[in-house]
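*Asks:* what's the 3D shape of this:
(one chain, ligands or ions: 1)
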Amino acid sequence: MNAAINVTQPAADIDPPWNREEFKSQLMAQEIHYHIHHPFNLRMNSGQLNPEQIRGWVANRFYYQINIPQKDGAILANCTDRETRRKWILRIHDHDGWEDNAGGIEAWVRLGEAVGIPRSELWSLCHVVPGVRFAVDAYVNFARQSPWQEGVCSSLTEMFAPKIHKERLANWPSLYPWIEAQGLQYFRSRISLAERDVVHGLQVTLDHFTSRAQQQRALEILQFKLDVLWSMMDAIELAYSGRV
Ligand code: AHQ
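*Replies:* As a prediction, this is how the structure comes out:
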């Protein structure tokens, strides 16, 4: 008689789904992987970076910022739900601007000028290092190639963003007094926008990922985006840590 083959089914296939509160808690628990804990960010937030390192971070993060509208446009293009599109399009306006509001990309250019990077130099992308370009492009391509609900889920790293923006606003003026204060407006603007975005992003995610296997997939998607942000900081740290 053949020995019984012990084929254990993955837990995600047999475990019951988490309820909404537990699923949200599981998502929030991923905060431990957020780039607020990255060594380069810890050094930034404790005043240990020199002006060239700050400028390197601003110039590289600019590539992320200018790609957010294309990422959100990719999600819009995939999205079949009008109510979701009516809300999601606001994200493009937040960054590209809308009527007389110049938008977040322009605010990041002002941050660049405040740390000493001329507008044309920032837009040249000459400082963007390969690892940052690779990670950002991976995020945009993920949004293009994935179901729109997975693209929405990947934006949920912003659950953790208000804290990092508030830290910069609280600490940079004393840690980096050489940075012109109005350059920090971008961080100020993102706190309420991130909070608004997360309410919608969480609602879509909690509504769509309903089986345990789907909920596990949502955690994997969030981990992918956390890795995008962490990899950007790795590449920036490698490129600028030796700079004195
Ligand atoms: O400035 C940021 C921003 O506009 C966004 C959009 C959102 C997304 O759609 O993925 N994520 C995000 C983030 C911004 N700033 C980052 C930071 O550390 O300043 C944090 C980042 C995020 O948490 O995903």
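
*Asks:* what parts of this protein come near the ligand?
*Replies:* Taking Cβ under 6 Å from any ligand atom as the measure of proximity, the chain contacts the ligand at 68, 155, 157, 158, 160, 161, 164, 190. Using the backbone N, CA and C atoms, a C-beta is placed for each residue, glycine as well.

*Asks:* ignoring the adjacent residues along the chain, who's closest to the second one?
*Replies:* In this case it means residue 155. The shortest distance from residue 155 to any non-neighbouring residue, by Cβ to Cβ, 6 or more residues apart in numbering, is to residue 201 (5.1 Å).

*Asks:* wait, doesn't the one you found sit right on residue 151?
*Replies:* No. Taking contact to mean Cβ atoms under 8 Å, the distance of 9.8 Å between residue 201 and residue 151 leaves them out of contact.

*Asks:* the two: who's more crowded?
*Replies:* It is residue 151, of residue 201 and residue 151, that has more neighbours when counted by other Cβ atoms under 10 Å, with 26 against 23.

*Asks:* if I look at the more buried one, how far off is residue 95?
*Replies:* From residue 151 over to residue 95 the distance is 16 Å, taken as Cβ to Cβ, to the nearest Å.

*Asks:* tell me how many other residues surround residue 53.
*Replies:* Here the neighbour count serves as a burial measure; for residue 53 (other Cβ under 10 Å) it reads 21.

*Asks:* can you pull the pLDDT of it?
*Replies:* Note on residue 53: pLDDT of 98.

*Asks:* how about residue 11?
*Replies:* 70.

*Asks:* which residues does it contact?
*Replies:* Residues counted as contacts of residue 11 (Cβ atoms under 8 Å, 6 or more residues apart in numbering) are residue 212.

*Asks:* right, and residue 53 touches residue 242 too?
*Replies:* No. The pair formed by residue 53 and residue 242 falls short of the contact definition of Cβ under 8 Å, at 9.8 Å.

*Asks:* the helices in the protein, which residues?
*Replies:* 11-14, 20-28, 39-44, 51-78, 82-96, 104-115, 119-124, 130-145, 148-154, 161-175, 185-208, 212-240 (DSSP state H).

*Asks:* out of those helices, deepest packed?
*Replies:* With neighbours defined by mean count of other Cβ atoms under 10 Å, none of these is more surrounded on average than helix 148-154, at a mean of 24.

*Asks:* nearest residue to residue 36 in space, please, no chain neighbours.
*Replies:* The shortest distance from residue 36 to any residue that is not its chain neighbour, by Cβ to Cβ, 6+ apart, is 4.8 Å, and that residue is residue 164.

*Asks:* which ones are touching the residue nearest to residue 155?
*Replies:* Applying Cβ under 8 Å, 6+ apart, one finds that residue 201 lies in contact with 152, 153, 155, 156, 158.

*Asks:* which residues touch the nearest residue to residue 238 once chain neighbours are set aside?
*Replies:* Across the structure, with Cβ to Cβ, 6+ apart as the measure, the residue nearest residue 238 apart from its sequence neighbours is residue 131 (7.1 Å). Residues touching residue 131, when contacts are defined by Cβ under 8 Å, 6+ apart, comprise 231, 232, 234, 235, 236, 238, 239.

*Asks:* and of those, the nearest to the ligand?
*Replies:* residue 232 (9.4 Å; Cβ to the nearest ligand atom).

*Asks:* just name the shakiest helix or strand of this structure by mean pLDDT.
*Replies:* Between all helices and strands in the chain, the lowest mean by mean pLDDT, DSSP states H and E belongs to helix 11-14, at a mean of 70.
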